[in-house]
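>>> Predicted structure and sequence below. I'll ask about it afterward.
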Amino acid sequence: MAQFKWVFPLLLFAVFLSACGNQYDGDFSYKVQDFTFTNQDSEKVSKSDLKGEFWVADFIFTNCTTVCPPMTSNMSSLQDQLAEAGLDDVRLISFSVDPKNDTPEALKNYAKQRDGTFENWDLLTGYDFETIKEFSVKSFKSAVEQLPDSDQVMHGTSFFIVTPEGNAIKNYDGRKAGNMEKIVEDIQAMK
């Protein structure tokens, strides 16, 4: 019987811990690494700036000839849909996977061409390629690779919901416009 005397206190402690913090219904939970990068207005944006807010992240670059134009147009559409749903506090974060070429000005023009605005959308650069490659893999389990003999970069096409605590918990194919409505619905359900 003595071996069971700790069972009840341990069970009570486990119940107490599970009641602490917000629990979100996600498909996974990846802790996003700390970062401080530069946005389209040459201002520093860090993970701590996003604490307490839901945010949606993706990876793009302005010289991309395939998936990035529709992804960025979809992010702009998501921005509109979030505003229509009254979710103005949700932030959008696009990380450049080509920081050598993607200056703040280039990123700003790229989003503007797709009707993006910057009240809640930051397009980030100001690091080297190895930094963003490692950040993408560690934070989002999403590969980034420079294609040999090319200016193109292979990267994931997902949009990730990140919780106010800084954990990526869901992803959606960012190339599909219909997924933007699903992202809005899922964030509404978690708030």
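Nice, I can see it.
>>> residues making contact with stretch 163-179?
Contact with stretch 163-179 is made by 21-22, 24, 26-32, 47, 50-54, 57-58, 67, 70-71, 73-75, 77, 139-140, 157-162, 182-183, 186, 190, as judged by Cβ atoms under 8 Å, 6 or more residues apart in numbering. For the C-beta atoms, the positions are set from N, CA and C on the backbone; glycine is no exception.
>>> switch to 6 Å and redo it
Defining contact as Cβ atoms under 6 Å, 6 or more residues apart in numbering, one finds that stretch 163-179 is touched by 24, 26-27, 29-32, 47, 52-53, 58, 67, 70-71, 74, 140, 157-162, 183.
>>> Stretch 39-47 too?
Here stretch 39-47 has contacts from Asp34, Phe35, Thr36, Pro104, Leu107, Lys108, Asp122, Leu123, Leu124, Gly166, using Cβ under 6 Å, 6+ apart.
>>> Just the mean pLDDT for that stretch, thanks.
Averaged across stretch 39-47, pLDDT comes to 98.
>>> same question, stretch 169-179
98.
>>> What's the end-to-end length of it?
From its first residue to its last, stretch 169-179 covers 16 Å (Cα to Cα, to the nearest Å).
>>> mind listing what's buried in it?
Within stretch 169-179, the residues scored as buried using 16 or more other Cβ atoms under 10 Å are Ile169, Lys170, Asn171, Tyr172, Gly174, Arg175, Asn179.
>>> farthest-separated two in these?
Using Cβ to Cβ, the two most remote members of the buried residues of stretch 169-179 are Ile169 and Arg175, lying 20.4 Å apart.
>>> re earlier: would you write a PyMOL line that selects the buried entries of the contacts of stretch 163-179?
Listed next is the PyMOL selection for buried residues among the contacts of stretch 163-179, using 16+ other Cβ under 10 Å:
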select buried, resi 24+26+30+32+47+58+67+71+74+140+157+158+159+160+161+162+183
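>>> Just the contacts of stretch 163-179: which are in helices?
Per DSSP state H, helices hold the following members of the contacts of stretch 163-179: Pro70, Met71, Asn74, Phe140, Ile183.
>>> List just the nearest of the residues you listed to Asn63.
Using Cβ to Cβ, the ones in helices among the contacts of stretch 163-179 come closest to Asn63 at Met71, 13.8 Å.
>>> For the protein, which segments count as strands?
30-31, 36-38, 44-46, 55-60, 91-96, 121-124, 144-146, 153-155, 158-162, 167-173 (DSSP state E).
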